[in-house]
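K.L.:
what's the 3D shape of this:
(2 chains)
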Amino acid sequence: DTGVSQDPRHKITKRGQNVTFRCDPISEHNRLYWYRQTLGQGPEFLTYFQNEAQLEKSRLLSDRFSAERPKGSFSTLEIQRTEQGDSAMYLCASSSRPDGRSGNTIYFGEGSWLTVV
Amino acid sequence: GQQVMQIPQYQHVQEGEDFTTYCNSSTTLSNIQWYKQRPGGHPVFLIQLVKSGEVKKQKRLTFQFGEAKKNSSLHITATQTTDVGTYFCAGRPDYNNNDMRFGAGTRLTVKP
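P.N.:
Predicted coordinates:
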């Protein structure tokens, strides 16, 4: 399988604990995105990387959230001191570099479900 | 910031009926993409539209991009039960080619 893979698929954690999600993008893709999706809503952009550089962060991404992509391949998203409002599906996606204004398809992973109790 | 609005939120149709979902942006888009998400699944890319007034077809699905590049629509002819899912549009702002903003989606249910 050469798609975007995410781990773990499901995580239940107690409020106040830290959690970390991992994403392995499609190997030739240099852009990696993190989105958050809650029930009945579309994916909300959190942040994206081009290679190892984090180029944009949404205002949704509070100080408790940090994302890394140290070698320009896999990425991790860490949430510190989790709150119940963090419960959502965290989607990772990857794409190749846009060509001018045409953009490129974003391929999503299957997501990591987080439940904070 | 850019807003991408999508209507309707829900649509329930009888199998064989047509279905349309509409997407509107507050700002001009450089391109728009459509995704389908099955219940319990992840968004899957359907198509990308780039040019003003562009129309693309995929079998029973017709996608349009408005002349002003601020709105788009997805039309499904003669729905089938396999069309069930949530359809999202995602727009890439003209001023920022680096991320996609998703609408809230239209959830389609089809009664056999």
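K.L.:
drop to CA atoms for contacts and neighbour counts, all remaining ones
P.N.:
Noted.
K.L.:
Show the low-confidence segments of chain B, by residue range.
P.N.:
Along chain B, segments meeting pLDDT under 70 span B:1-2, B:94-99.
K.L.:
now the residue of chain B found nearest chain A, what's its secondary structure?
P.N.:
At 4.2 Å from chain A, B:A104 is the closest residue in chain B, using CA to the nearest CA. Here B:A104 is coil, with the state taken from DSSP: H, G, I helix; E, B strand; the rest coil.
K.L.:
for it, phi and psi?
P.N.:
Main-chain torsions, B:A104, degrees, to the nearest 10: phi -80, psi -10.
K.L.:
Help me confirm that it comes into contact with B:A90.
P.N.:
No. Using CA atoms under 8 Å as the test, B:A104 is too far from B:A90 to be in contact (9.5 Å).
K.L.:
the more surrounded of these two?
P.N.:
Neighbours were tallied for B:A104 and for B:A90 using other CA atoms under 10 Å in any protein chain shown; the higher tally belongs to B:A90 (27 against 24).
K.L.:
And for the more buried one, nearest residue in space, chain neighbours not counted?
P.N.:
In space, and not counting its chain neighbours, B:A90 is closest to B:F102: 4.1 Å by CA to CA, 6 or more residues apart in numbering or on different chains.
K.L.:
From B:K36, how far off is that neighbour?
P.N.:
Applying CA to CA, to the nearest Å, the value for B:F102 to B:K36 is 12 Å.
K.L.:
ok, how many other residues are close to B:Q80?
P.N.:
19.
K.L.:
Let me see the backbone angles for it.
P.N.:
According to degrees, to the nearest 10, B:Q80 has phi -120, psi 160.
K.L.:
Contacts only, for it.
P.N.:
Neighbouring residues of B:Q80 by CA atoms under 8 Å, 6 or more residues apart in numbering or on different chains: B:E15, B:G16, B:V110, B:P112.
K.L.:
Now, those residues that are in strands?
P.N.:
B:V110 (DSSP state E).
K.L.:
For the lowest-mean-pLDDT helix or strand in chain A, name the packing helices and strands.
P.N.:
Ranking every helix and strand in chain A by mean pLDDT, DSSP states H and E puts strand A:53-57 at the bottom, with a mean of 88. With contacts defined as 3 or more CA pairs under 8 Å, 6 or more residues apart in numbering or on different chains; DSSP states H and E, the packing partners of strand A:53-57 are strand A:44-50.
K.L.:
The strand it packs on: how far from the chain's middle?
P.N.:
Computed by CA atoms, centre = their mean, to the nearest Å, the chain-centroid distance of strand A:44-50 equals 7 Å.
K.L.:
That strand vs chain B: in contact?
P.N.:
Yes. Residues of strand A:44-50 contacting chain B under CA under 8 Å from any CA of the partner chain: A:E44, A:F45, A:Y48.
K.L.:
nearest spatial neighbour of the second one, skipping sequence neighbours?
P.N.:
Nearest-residue entry for A:F45: A:Y35, 4.6 Å, with adjacent residues in sequence omitted and distances by CA to CA, 6+ apart.
K.L.:
try the last one
P.N.:
In space, A:Y48 comes closest to A:Y33 once its chain neighbours are excluded; the distance is 4.2 Å by CA to CA, 6+ apart.
K.L.:
can you list contacts of stretch B:36-48?
P.N.:
Contacts of stretch B:36-48 (CA under 8 Å, 6+ apart): A:105-111, B:31-35, B:84-88.
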